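> model this:
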Amino acid sequence: MENLYSNDLKKDKENSTKMERKTGLVNKAIKLEELTKYQIIEELLHGLKLEVTELKKVLFEELSVTVKAKDKAERVSKIAFALQSCLNLEDGGDVAKNLTWMYRFIRYSAKRIQDNDCMNYVKPASEVVDTLVEAWQNIPQEKRVI
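As a prediction, the model looks like this:
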């Protein structure tokens, strides 16, 4: 499957408008045959991993929190919030509760960068994201119907 988030970033670099990029993603998501709910979550997780990787790269290059790093942290926080919003806390049981705490930790880490110029939680948050992506990709094919 072609990765929509990566393509969205490529288009960003080609100077397309933000609205055009978002419209393309929304159009793909609305067509039921094009993206399943599983694939939508997979795209969000891939985007989260990509943004965290970019955030680490910016922080490593600058060795301090810059405006660019804060912008990346904001994107990380928004994606984590979108993923957290997808959870069904009533029927999801302990899994949904644990995922909520993981997404909250990622958002907390991003907020620390934005508000306190604190980079201490970037590595642990990155490890959480890696774990989430790996777990999601290891869901057996027959269980991916959501």
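> could you pick out the longest helix of the chain?
Using DSSP state H, we find that the single longest helix of the chain is helix 37-62.
> with only the CA atoms kept, save the very next helix or strand once past it in CSV.
Later in the chain than helix 37-62, the nearest helix or strand by DSSP states H and E is helix 67-85. Taking C-alpha atoms only, helix 67-85 is exported to CSV below (Å, rounded to 0.1, in the frame of the first residue of the first chain):
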residue,chain,number,x,y,z
VAL,A,67,10.9,26.9,16.8
LYS,A,68,11.2,24.1,14.2
ALA,A,69,11.4,21.5,17.0
LYS,A,70,8.4,23.1,18.7
ASP,A,71,6.4,22.9,15.4
LYS,A,72,7.3,19.2,15.1
ALA,A,73,6.3,18.6,18.7
GLU,A,74,3.0,20.2,18.0
ARG,A,75,2.4,17.9,15.0
VAL,A,76,3.4,14.9,17.2
SER,A,77,0.9,16.0,19.8
LYS,A,78,-1.9,16.4,17.3
ILE,A,79,-1.4,13.0,15.7
ALA,A,80,-1.2,11.3,19.2
PHE,A,81,-4.5,13.1,20.1
ALA,A,82,-6.1,11.9,16.9
LEU,A,83,-5.1,8.3,17.7
GLN,A,84,-6.3,8.7,21.3
SER,A,85,-9.6,10.0,20.0
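> can you list contacts of helix 67-85?
With contact meaning C-beta atoms under 8 Å, 6 or more residues apart in numbering, helix 67-85 is reached by 41, 44-45, 47-48, 51-52, 54-55, 58-59, 62, 99-100, 103-104, 106-107, 109-111, 113-114, 125. Every C-beta, even on glycine, is put in place using the N, C-alpha and C of the backbone.
> for that helix, give the mean pLDDT please.
Taken as a whole, helix 67-85 carries a mean pLDDT of 95.
> okay, the residue most central in space within the chain: pLDDT?
Centroid check for the chain by C-alpha atoms, centre = their mean gives Leu48 as the closest residue, at 2.2 Å. Per-residue confidence (pLDDT) for Leu48: 96.
> lovely, talk soon.
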